[in-house]
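Colleague: My questions are about this predicted structure, shown below with the sequence.
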Amino acid sequence: MVAPVLVYLLLVAELLLAVVKSDSINFYNIQPPVDATPYPRSFKCFTCEQASDNYSCNRWAEDKWCPRNTRYCMTVHHFSRHGKTKFVTKRCASFDECSLTGCRHHGNTHHAECVSCCEGMACNVELPTNHTNAVFMRIQDLSSAATHSGCSWTPVFLITAALVILLPL
């Protein structure tokens, strides 16, 4: 009786240690702070300078308010031509700085750089890796896209419902 209980306790302890050691922090669930903000509509971004990888940057990001003259979060990803991350820089950015979004290949140094910008509290979680995700994502762009695409679901829903009704059981 003692041996099975001991084995069970050892397994539970091993699982708890694995969970504590794992890199399983949820960076997508950043809540706005409860304390007073320095100015209306203030925000924070993940912030690091030449971090070794995205996880390290997000994990050890400096927790400070962005300056008033900024409105966006910027991520700069430098990587080799084989896709291996060289370093990551994340910071607060102005509208003008976000005009640098996109990817550029530097032939003389054999590396690439992708830059993305986003609007919102700690929105710069992910790394830009190609032209698809190295974009300037603003909240007004999302809301206008939702407005334009909202009515396109109605025909899809009706066709799907009709097909389900016609299927033999």
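Modeller: Okay, I see it.
Colleague: how far away is Arg59 from Asp53?
Modeller: Distance from Arg59 to Asp53, counting by C-beta to C-beta, to the nearest Å: 10 Å. Just so you know, the C-beta spots here come from the backbone N, C-alpha and C atoms, and that holds for glycine as well.
Colleague: okay, and the helix or strand of this structure with the least pLDDT?
Modeller: Lowest by mean pLDDT, DSSP states H and E among the helices and strands of the chain is helix 2-21, with a mean of 53.
Colleague: I'd like the next helix or strand past that helix.
Modeller: Next helix or strand after helix 2-21 toward the C-terminus (DSSP states H and E): strand 48-51.
Colleague: Give the rounded mean pLDDT of that next one.
Modeller: The pLDDT scores in strand 48-51 average 96.
Colleague: Just list what that strand packs against, helices and strands only.
Modeller: On a contact count with 3 or more C-beta pairs under 8 Å, 6 or more residues apart in numbering; DSSP states H and E, strand 48-51 meets helix 54-59, strand 85-93.
Colleague: Quick one: closest of these to Thr47.
Modeller: Nearest of the helices and strands packed on strand 48-51 to Thr47, taken as C-beta to C-beta: strand 85-93 at 5.3 Å.
Colleague: For that closest one, which outside residues touch it?
Modeller: Strand 85-93 is contacted from outside by 45-54, 56-57, 61, 66-67, 70-80, 111, 117, 124, 127, using C-beta atoms under 8 Å, 6 or more residues apart in numbering.
Colleague: Tell me the helix or strand right after that strand.
Modeller: Following strand 85-93 in sequence order, the next helix or strand is strand 102-106 (DSSP H and E).
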